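Trainee: sequence and predicted model, in that order:
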Amino acid sequence: MYRYYTKGVCTKSIVMDIEENILKEVLFEGGCSGNALGIKHLVEGKDIDEIIENLEDIPCKDRGTSCPDQLAKALRIYKEYAYNK
């Protein structure tokens, strides 16, 4: 499991289980439960590169980021860490 502490959104953190570049499970802690559940159902079982491409730079209001964007950032950081060990 990998936890990412978000910045600039209502969700406090995102917990992920990733195996072989596939996002197996994701949990948004805090924030809008309906949106978090919707994102969860759309991304679980998908390749993390596809998720990053689809969700990166999605804004929420004037925050400059969003929960989907924070998930993309978390996955990008995970990739950098996991593959550059």
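Mentor: Good, I have the coordinates.

Trainee: what are the ranges of the strands in the protein?
Mentor: In the chain, the strands defined using DSSP state E lie at 2-5, 13-19, 22-29.

Trainee: closest one to Tyr83 among those strands?
Mentor: Nearest to Tyr83 among the strands of the chain is strand 13-19 (11.4 Å), distances taken as C-beta to C-beta. From N, CA and C alone the C-beta is placed, and that goes for glycine too.

Trainee: what's that closest one in contact with?
Mentor: Defining contact as C-beta atoms under 8 Å, 6 or more residues apart in numbering, one finds that strand 13-19 is touched by 1-6, 23-30, 48, 67, 70-71, 74-75, 78, 82.

Trainee: cutoff 7 Å now
Mentor: 1-6, 23-29, 48, 70-71, 74, 78 (C-beta atoms under 7 Å, 6 or more residues apart in numbering).

Trainee: ok, stretch 72-79 next?
Mentor: Contacts of stretch 72-79 (C-beta under 7 Å, 6+ apart): 2, 4, 14, 16, 18, 48, 51-52, 55-56.
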